[in-house]
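K.L.:
mind folding the following:
(6 chains)
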6 protein chains.
Amino acid sequence: MSSKKIVLKFGGSVLYKENMTLEVDKINAIISIINTLHDEGNEITIVVGGGVLARVLIHASDELGHVNTFKDMLAVESTRIHALLVIASLKDKAYKLVPRSFEEVGKALSSDKIVVTGGFQPGQSTNAVAALIAEYWGADILINLTNVDKVFDKDPRIYPDAKPLDTMTTDEFMKIITKQDEEPGKYKLFDRVGCEIVRRSNIKLIITNGSDPKNIIKAVKGEPVGTMIHG
Amino acid sequence: MSSKKIVLKFGGSVLYKENMTLEVDKINAIISIINTLHDEGNEITIVVGGGVLARVLIHASDELGHVNTFKDMLAVESTRIHALLVIASLKDKAYKLVPRSFEEVGKALSSDKIVVTGGFQPGQSTNAVAALIAEYWGADILINLTNVDKVFDKDPRIYPDAKPLDTMTTDEFMKIITKQDEEPGKYKLFDRVGCEIVRRSNIKLIITNGSDPKNIIKAVKGEPVGTMIHG
Amino acid sequence: MSSKKIVLKFGGSVLYKENMTLEVDKINAIISIINTLHDEGNEITIVVGGGVLARVLIHASDELGHVNTFKDMLAVESTRIHALLVIASLKDKAYKLVPRSFEEVGKALSSDKIVVTGGFQPGQSTNAVAALIAEYWGADILINLTNVDKVFDKDPRIYPDAKPLDTMTTDEFMKIITKQDEEPGKYKLFDRVGCEIVRRSNIKLIITNGSDPKNIIKAVKGEPVGTMIHG
Amino acid sequence: MSSKKIVLKFGGSVLYKENMTLEVDKINAIISIINTLHDEGNEITIVVGGGVLARVLIHASDELGHVNTFKDMLAVESTRIHALLVIASLKDKAYKLVPRSFEEVGKALSSDKIVVTGGFQPGQSTNAVAALIAEYWGADILINLTNVDKVFDKDPRIYPDAKPLDTMTTDEFMKIITKQDEEPGKYKLFDRVGCEIVRRSNIKLIITNGSDPKNIIKAVKGEPVGTMIHG
Amino acid sequence: MSSKKIVLKFGGSVLYKENMTLEVDKINAIISIINTLHDEGNEITIVVGGGVLARVLIHASDELGHVNTFKDMLAVESTRIHALLVIASLKDKAYKLVPRSFEEVGKALSSDKIVVTGGFQPGQSTNAVAALIAEYWGADILINLTNVDKVFDKDPRIYPDAKPLDTMTTDEFMKIITKQDEEPGKYKLFDRVGCEIVRRSNIKLIITNGSDPKNIIKAVKGEPVGTMIHG
Amino acid sequence: MSSKKIVLKFGGSVLYKENMTLEVDKINAIISIINTLHDEGNEITIVVGGGVLARVLIHASDELGHVNTFKDMLAVESTRIHALLVIASLKDKAYKLVPRSFEEVGKALSSDKIVVTGGFQPGQSTNAVAALIAEYWGADILINLTNVDKVFDKDPRIYPDAKPLDTMTTDEFMKIITKQDEEPGKYKLFDRVGCEIVRRSNIKLIITNGSDPKNIIKAVKGEPVGTMIHG
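P.N.:
Numbers count the residues shown, from 1 in each chain, chains lettered A, B, ... in the order given. Have a look, this model is predicted:
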């Protein structure tokens, strides 16, 4: 396996158990895989989502009657806290600071460290951030760890005949994302802005289940795993 | 007229003639109106788009074979240059620096100056920025200067019976924006992310023609002008 | 009551119920008092502690086996999140950004807004930060909201004859703080570095119970409340 | 006297006695005058030079065999230390941070505080900085405190018939500055870059003796003092 | 050829055809040479000027009646846009951010990437910036690509007997630069501040024609090309 | 000797002779040893104190009647100036910028350069900074150069039978530090906050005499030198 540039995105579904208790073993397993991939010469950038912490803070902000932008800002701060946890676990392999803007990602990517970032701004998801970084950095692959094995052709919660897909075009994926957008309050696989970037630059995106961290290795090696979105 | 918090967005269609020549008289007229509104006790934040300069730079980047993120970054730089031109014209009324991130907007809004900003990050339009600032700052009104008098219920370039509307719900507006999104290469009135923020926070958005700068005053005074998007 | 420069410090014992649920009513009551004090012409700077959120994150970091500095950093991030919540509640009265260093506090204090900050650096408590800001800014009073009515002359959990004091010298206070320092794991009223700053600059420090937010007004008006530490 | 925008520049010849001992009384007298001018409604920006401290540090750097840029950087740091001293003396009237770049000056000038700055970059004198700020900010007057009463038409150390002048054109001043440039190691009144900015923007520059701080008031009031350089 | 530390400066005369159309082929040729030099072990820092874009923006600012500092600021922004274009072309070999101050250059030079910068501040040319970086970084050579083959001993547009020179002392060069300074509106080879830095640190400066990018290689290899300015 | 991560702290007692004259030869000897250690594969971070310069500036600030925070800030600026001197001497081996906060240290440590820093904030000593960096970075050893050969079990200026110790526990060291704290105006070996960090993370701290720079090598090699503080 020749060395690759990998963007790895994961969030709450990987980090937390049901409440604010961390999935320590799973996180350690992911860190261990990242260390191995790095030792094998791969370059890795990690984007971390907000998960339960974001929801707790958004709820607090809601109770205090704040305008929505602050909820986005709190969600962003949550992602940065998770990024800091990952940095601490990666020790000297990580760029030691969580970039707070796209410009700071530029600086961080100019080092030879594993860059770990959360979100940047209100109104922008960590999926969009991950897609942008993959595009900007020229990543070979963008791996999105989520809580499903594959993307379905229809919402499996509604259609019993929904089928999990191994591959999907970005146009097909955009349709699913757009439909999902119209159903607020449900878990979102990805967002339109991120998908648009994946589409415009033909980024190789693999969506796979983070409950088995070895899926990361499969995705990097090109073995079948999850759903690959392609141009 | 009691004092208001106004976010004013305008871009290339207001700033430029056909090529890279500025619409000096029109810009001066807009500056003059902003000065008057400010003297009357209104608080104003301005978001400026990229226009012809963005297109020229994106074209250059394209010729040089760059990845798309850089094109977004160049477009962002264009908006900042326009913001700097507006700051220079507003003299001591303006916050003298172009904020480069949402955090810097926070600092700028903590002064009592007119804040003038462009875009912030790749993958985010200045319309989304304007909507976010309106939400964050608690603006009374978001005025979007464009090159049409009103929003039509259908694309007037296709449907001869398309009708210009005085008001429109955010849901209706979102449908038009989404349809527009699917037709690449055409001039875009607004974008989905911005529209989503307008919708979630019920921001009062007025889209009106920037070719007559007095439309700004009408919008602020609550006189009928352009199309008002409401919750 | 002539206008004053007030530094107000509060943390977890004021913000949270037993778990991660916020004390929404109490927070709103404090915000309301801050608004009133501000409307009456007082200048206010707020320093917020880390509370339950800090403990949750430190626990997570501990489980992941991180070095101690990261635990301090996570505690600092917690204080910043609380500061952001306070800023959102204070709306346009607040400087809209959480300063991340002493230098950024300097910038923020140069506006005419209420500055809200958390901690700055590993190895430095928010009490020390509050004392430093009071000194730097020339505050008339530093109010520390805590969960006790007064400081006792001895630890009341050990000595049944411990007496609550209305006033205390900084030397006496330093002795209590130093003793407290030697008993790890217990709730700390203040820290030595903060106390040293209070002493060297003879800052008027009042420690009072945050469970009744009206204590803030009493402290500002000079009415007897809590324990006043003096030079 | 109507209120004015004043840029005041002074450096080592005003700050220090022969060695590193500060001219405390003179500095206090200048601070007192600045406070008065500010209370009278004038807006003031201060630029401070490096003086003896710069020379001591440059000498140290020279002994250690450093490249010249570091000597410039150390000189810049010296000016910032002097600026910090002035800020501390001006208390809440001052913007509390020393701007480290022209962009940070822009932020500082957007507050309503007295901005105090030193130099910015290697290869740029504080006289050039003062001229640039005067131009950028639209100052009514740029006052340069030095150790001579007036500018002479020729070098008085060489020509016994040299005459002190009340006024001088920028062209005449540029000639004197240029000649001075060619004699390294001598005290410099001003520098070519600063003079070029004064000339291109027709800034009203008064060079006067800082040994009598009341000269500042005379210059602001338009009374004859020192040498006025005009377009 | 042993590896060298090279500062390469080029601007509008290399980047643009007559109008705002880029010299795409020439730029690509220069990028290709930089890549080769980098692959051969040389360390390279690039400073880019403002060219046509600067002139267009200055003209716009002039039409809008702005003070001169803003024109300088717009020129600086132009240089940063060109630097961004070069960074995009150099891909992962480049430090991904355009430094906005001398301090940020320090950070960038601490990576092992090719640093690409424009100007920093009003009142300072990119030639001065290039000379400062060469001095600060300890460059072996400063190559200035321009639109003439060599520097002449007199202005060839006036004196038919002007001779192109292979070498020139910094004192001689300073005289030519100073004379040039006095003729506003003409193309400038270099500026006095930059020349002064070259002189004080005895930097090896080669001025050569950018129309043939291979001149860069000749300069690096020490083959005769352009005019070499020496101490 | 396998490669190590070394934090080296030294300050005024190493840098200066009695007045503001630098100990040029001693500094050069230390730089030479740092270069050698670096060439041998060790990673080094340097923290520099304020020394005579700090005292001179604090005295000036005192004479001008400033509040204490500014004295701390001036002391911090002094440490940064010393750090800049060390950076200049280390040339390309050093990260070229003095970090101004813990976050900037994080960025700097992500390069492969020798990081040289001074202090960060008022109310925090450079010893505390050195201990924090050692903990954060996972240093193998923290070497503190001072003006005594070893730490004594009692103050040798008072007790003639005081004995120099080769090793000492952090608890014993904390007692000495705390006693020292109570005697203002005397030279301080270390401070409580720094000692607390050394204790909580069991950092290997060696205090040795900087008058013989070879003591650095002994400490790194594990040869007996100075006093080793251990958990």
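K.L.:
where does pLDDT dip in chain A?
P.N.:
In the predicted model of chain A, residues A:1, A:182-187 satisfy pLDDT under 70.
K.L.:
what comes up buried for the biggest helix by length in it?
P.N.:
Determined from DSSP state H, the single longest helix within chain A is helix A:68-90. Buried positions in helix A:68-90, judged by neighbour count with 16 or more other Cβ atoms under 10 Å in any protein chain shown: A:68-90. Heads up, the C-betas are built off the backbone N, CA and C, glycines and all.
K.L.:
please apply the same query to stretch A:215-223.
P.N.:
Judged by neighbour count using 16+ other Cβ under 10 Å, the buried positions of stretch A:215-223 are A:Asn215, A:Ile216, A:Lys218, A:Ala219, A:Val220.
K.L.:
same question for stretch A:23-41.
P.N.:
Applying a neighbour-count criterion of 16+ other Cβ under 10 Å, one finds A:Glu23, A:Lys26, A:Ile27, A:Ile30, A:Ile31, A:Ile33, A:Ile34, A:Asn35, A:Leu37, A:His38 buried in stretch A:23-41.
K.L.:
specify which member of those residues is nearest to chain D.
P.N.:
Closest to chain D out of the buried residues of stretch A:23-41 is A:His38 (35.9 Å), distances taken as Cβ to the nearest Cβ.
K.L.:
which SSE is the closest one in?
P.N.:
When elements are defined using DSSP states H and E, A:His38 is found to belong to helix A:24-39.
K.L.:
tell me what angle that helix forms with helix A:68-90.
P.N.:
Using axes from the mean of the first three to the mean of the last three Cα atoms, to 10 degrees, the inter-axis angle of helix A:24-39 relative to helix A:68-90 is 70 degrees.
K.L.:
please state the offset of helix A:24-39 from the chain centre?
P.N.:
For helix A:24-39, the gap between its own C-alpha mean and the chain's C-alpha mean amounts to 15 Å (Cα atoms, centre = their mean, to the nearest Å).
K.L.:
mind checking if that helix is in reach of chain C?
P.N.:
Yes: under the criterion of Cβ under 8 Å from any Cβ of the partner chain, chain C is reached by helix A:24-39 at A:Val24, A:Ile27, A:Asn28.
K.L.:
so what does that helix touch, helix or strand wise?
P.N.:
Helices and strands in packing contact with helix A:24-39 are listed as strand A:5-10, helix A:12-15, strand A:43-48, helix A:68-90, helix A:214-221; criterion 3 or more Cβ pairs under 8 Å, 6 or more residues apart in numbering or on different chains; DSSP states H and E.
K.L.:
mind redoing it with 10 Å?
P.N.:
In terms of contact count using 3 or more Cβ pairs under 10 Å, 6 or more residues apart in numbering or on different chains; DSSP states H and E, helix A:24-39 is assigned the packing partners strand A:5-10, helix A:12-15, strand A:43-48, helix A:68-90, helix A:214-221, helix C:51-63.
K.L.:
can you pull the residues of chain A lying near chain F?
P.N.:
In this structure, chain A approaches chain F at residues A:87-88, A:91-92, A:94-100, A:104, A:107-108, A:110-115, judged by Cβ under 10 Å from any Cβ of the partner chain.
K.L.:
measure A:Leu15 to chain C for me?
P.N.:
Look at A:Leu15 and chain C: by Cβ to the nearest Cβ, to the nearest Å, they are 9 Å apart.
K.L.:
sorry, back to before: now the helices and strands packed on helix A:24-39 in a markdown table, with distance to D:Met174?
P.N.:
Conversion of the helices and strands packed on helix A:24-39 to a markdown table gives the following (distance: least, Cβ to Cβ, whole Å):
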| stretch | distance to D:Met174 |
| --- | --- |
| strand A:5-10 | 55 |
| helix A:12-15 | 66 |
| strand A:43-48 | 53 |
| helix A:68-90 | 52 |
| helix A:214-221 | 65 |
| helix C:51-63 | 61 |
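K.L.:
any chance of these in a markdown table, plus distance to chain D?
P.N.:
Formatted as a markdown table, these follow (distance: least, Cβ to the nearest Cβ, whole Å):
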| stretch | distance to chain D |
| --- | --- |
| strand A:5-10 | 32 |
| helix A:12-15 | 37 |
| strand A:43-48 | 29 |
| helix A:68-90 | 21 |
| helix A:214-221 | 42 |
| helix C:51-63 | 28 |
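K.L.:
nearest to D:Pro156, of those?
P.N.:
Taking Cβ to Cβ, helix A:68-90 is the member of those nearest to D:Pro156, at 62.9 Å.
K.L.:
please see if the closest one touches chain B.
P.N.:
Yes: applying Cβ under 10 Å from any Cβ, one finds helix A:68-90 in contact with chain B at A:Asn68, A:Thr69, A:Phe70, A:Lys71, A:Asp72, A:Met73, A:Val76.
K.L.:
quick one: distance of that helix to the chain centre.
P.N.:
A distance of 13 Å separates the centroid of the chain from that of helix A:68-90, by Cα atoms, centre = their mean.
K.L.:
hmm, it touching chain C?
P.N.:
Yes: using Cβ under 10 Å from any Cβ, helix A:68-90 reaches chain C at A:69-71, A:73-74, A:77-78, A:80-82, A:84-89.
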